[in-house]
Structure formats: C-alpha cells, structure tokens
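Asks: with the sequence up front, the predicted model follows.
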Amino acid sequence: MRNRSNEFLINAVYQKVRVLFWFSILLFAFLSLVNYVDLSAPIFGKPITFTVRGEVSLVDDDPKAHKIETNSKDDVHNEIQKIVLKRNGAFVRLNYKNIFDGFTLRNITITLLSLLGWWIWTVFLYQLMKLLRSFKAKSFFEATNIRRLRVMGIVFFVSPVLIQAKDILFSSLVANQIDFLGMYVGVPNGFWIFPSIISLKVIFGFAIMLFILILAQVFAYGFTLKKENDLTV
Amino acid sequence: MAIRINLDVMMAKRKMSLNELSSKVGVTLSNLSILKNGKAKAIRFTTLEAICVALDCQPGDILEYVHE
C-alpha cells in the first residue's frame, strides 16, 4: 500500500509541475512584454510610475527639507502630482513622465538581465518536469537525473543574482533621472538610493542551491551503487 | 579486466550449455552471459558456489588473474 501511495504522490506532483511549466511560459512572456513597455516609454509617451523600495532612505533632520518652491510653471513637471515621503528610509514613490534616457547599453542590459532572470525559471521547471517523469518510470539513479538536479541547483542561485544585478542598474538609472525641480532639499539633507549587492533573495537562493547540489551528490553516489549492483552476478 | 572468467572453457569440458547452467545455478541467462563476456563487476559467493557445484570444479578453474 505504501508503494502505491508513493507512486500516486510522484504522479500528482509531476502533473502539477507540468501544468506549472506551461503556465510559467505564458507568465514570463507576459512579464517580458510588460518589461518592454516599461522601458520603451518614450515611444508610447506614457507616464511611468515606479516605486523605489526599501533601499531609499531620506536623511532628514531639517524641518525645511520638504518645503516645495515652485519655479516657472513650464519647468515644473506636470506629472509631479504627489510626493509621498516617509522618514526613516522606508519607501519613496514618485511619478515621472518617463525615466527612460534612450537605448543605452545600461538600459538594454537592464532589460536583458530581467528577462534572463525570469526566463531561467522555465529551464528549472523543465528540468524538474523531466526529473519527475523519470521518477514516475522508476529510474531514479541515472546520470541524466544527476545532471538535471545540478542544473536546477545552479538556476536557483543564478536567477536572484541576475535580478539583483538588474536592480542595481535600475537604481542607477532612477538616480540619474530623479529630478527634484521645484523641491528644496536642504544641505546636508538629501536622499540616496542604496542598492545592496547581497540581498535576502540571493542568500535564500544560495542556501537552496546548496541543498539541491548536495542532493545531486547523493544521487551520484546512488548511481555508483546501482551500477555496481546491476553488474553483480 | 585483470580477472578473467574461463566459464566457457569449463562449460565445454562438462559439455553444458548456457541455458542448462543457468537453470542449475539459479541465475538468469542475461546475468550468466554478462559473467561469461567479462562484463560483470562482482560475483556473489553463493553464485560462485552454485557454479562450482554445477560444473564440479574449483573457483580457480573459472577465475584467473591475468597481469596487465
């Protein structure tokens, strides 16, 4: 009975992973499209709203720091409707007409990194699907399965790293484009955008990669044992 | 491989076919052919004993070390 329930479990997980794999292709295609629209705003001329989270901190001891002085109306961006600032460095949200400064190498790299960071999960799900299919056929300790596990582990680490690199570049893009026309920020007050190189997702990705690679080593040992056992008369 | 299996020699002496030997020893034909072709990596003592009983010989008649 226990063998039957294990078979059922593997089959159930395999079916779900298969559905998830095909769904992820649609999802990432949609995300790619959204990302493209976001970075090609001058073509569409739409205002871009972006939220810079977490790493933006406003140093503020001067009560005059948030005073807004209007210059000539032509120079003030029409789209600055609301500036919501929270002290203690939580979160800054700004509306701008666009933050896109042309098809520079940096912007293209941002698009490519984010695309790759998302699409690499399709590879992960594909490898997982193939792995579960071979488990369903009761061939566990094969060389292909070991390779699949290693690829899965590497993907788990590489994807957050790519996303983090994209975040750093995007922060520099935002920092170059933020234009506080009409707003007085007193000295020594200011704000900075501080992208971190090692973030929580990178650490989690690394930890999970370790577990998956250890599992791949265990499978490699099982493969050796099985090979010996198969050729034992 | 350094250990050579002289199973075919012994089978010819006792005039026994592979099928007959496999039924006497209790090993599948495929395993026996693996052994005969030198592809086996290990042999159980129980199997070796059964082969020696079936062919009425010593292990040294079947296994031979060839220095390479």
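Replies: Everything's here; your move. Residues are numbered from 1 along each chain as shown, chains lettered A, B, ... in the order given.

Asks: how about A:V161: what's its closest non-neighbour residue?
Replies: Nearest residue to A:V161, sequence neighbours excluded (C-beta to C-beta, 6 or more residues apart in numbering or on different chains): A:V202, at 5.9 Å. (C-beta placed from N, C-alpha, C; glycine too.)

Asks: packing partners of the longest helix anywhere in chain A?
Replies: In chain A, with assignment by DSSP state H, the single longest helix is helix A:2-39. On a contact count with 3 or more C-beta pairs under 8 Å, 6 or more residues apart in numbering or on different chains; DSSP states H and E, helix A:2-39 meets helix A:105-136.

Asks: the residue nearest to A:V161: helix or strand, and which one exactly?
Replies: Element membership for A:V202 (DSSP states H and E) is helix A:200-230.

Asks: in that helix, what counts as buried?
Replies: A:V202, A:G205, A:M209, A:I212, A:L213, A:A216, A:F219, A:A220, A:F223 (16 or more other C-beta atoms under 10 Å in any protein chain shown).

Asks: for that helix, the averaged confidence score.
Replies: Mean per-residue pLDDT for helix A:200-230: 95.

Asks: now stretch B:53-68
Replies: For stretch B:53-68, mean pLDDT rounds to 92.

Asks: now tell me what touches that stretch from outside.
Replies: B:2-7, B:10-11, B:14, B:16, B:21, B:24-25, B:48, B:51-52 (C-beta atoms under 8 Å, 6 or more residues apart in numbering or on different chains).

Asks: 10 Å - rerun?
Replies: B:1-7, B:9-11, B:13-14, B:16, B:20-26, B:35, B:43, B:45, B:48-49, B:51-52 (C-beta atoms under 10 Å, 6 or more residues apart in numbering or on different chains).

Asks: out of these, which end up buried?
Replies: Members of the contacts of stretch B:53-68 classed as buried by 16+ other C-beta under 10 Å are B:5-7, B:10-11, B:21-22, B:25, B:35, B:43, B:48, B:51-52.

Asks: okay if I get these as TSV plus secondary structure?
Replies: Converted to TSV, the buried ones among the contacts of stretch B:53-68 look like this (DSSP: H, G, I helix; E, B strand; the rest coil):
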residue	secondary structure
B:I5	strand
B:N6	coil
B:L7	helix
B:M10	helix
B:M11	helix
B:L21	helix
B:S22	helix
B:V25	helix
B:L35	helix
B:I43	coil
B:L48	helix
B:I51	helix
B:C52	helix
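
Asks: rewinding a little: among the contacts of stretch B:53-68, which are in reach of chain A?
Replies: B:I5, B:V25, B:L35, B:I43, B:L48, B:I51 (C-beta under 10 Å from any C-beta of the partner chain).

Asks: right, and A:F23 touches A:L125 too?
Replies: Yes. With contact defined as C-beta atoms under 10 Å, A:F23 counts as touching A:L125 (9.2 Å).

Asks: of the two, which one has the most company?
Replies: Taking other C-beta atoms under 10 Å in any protein chain shown, A:F23 and A:L125 do not tie; A:L125 has more neighbours (19 against 11).

Asks: what about the residue nearest to A:V161, distance to chain B?
Replies: 44 Å (C-beta to the nearest C-beta, to the nearest Å).

Asks: could you do A:T122 as well?
Replies: Using C-beta to the nearest C-beta, we find A:T122 at a distance of 40 Å from chain B.

Asks: that residue: what's it in contact with?
Replies: A:F21, A:W22, A:S24, A:I25, A:L27, A:F28, A:A29, A:V155.

Asks: what subset of those is buried?
Replies: Once neighbours are counted (16+ other C-beta under 10 Å), the buried part of the contacts of A:T122 comes down to A:F21, A:S24, A:F28, A:V155.

Asks: of all those residues, which comes closest to chain B?
Replies: Minimum distance to chain B across the buried ones among the contacts of A:T122 is 34.8 Å, recorded for A:V155 (C-beta to the nearest C-beta).

Asks: hmm, that closest one is touching A:W118, no?
Replies: No. Between A:V155 and A:W118 there is no contact under C-beta under 10 Å: 11.6 Å.

Asks: quick check: neighbours shared by those two?
Replies: With contacts defined as C-beta under 10 Å, 6+ apart, no residue is shared by A:V155 and A:W118.

Asks: in space, what's closest to A:I212 - neighbours in sequence excluded?
Replies: Using C-beta to C-beta, 6+ apart and skipping the chain neighbours, the partner closest in space to A:I212 is A:G153 (3.5 Å).

Asks: shouldn't that neighbour be in contact with A:S159?
Replies: No. Contact between A:G153 and A:S159 fails when scored by C-beta under 10 Å: they sit 11.5 Å apart.
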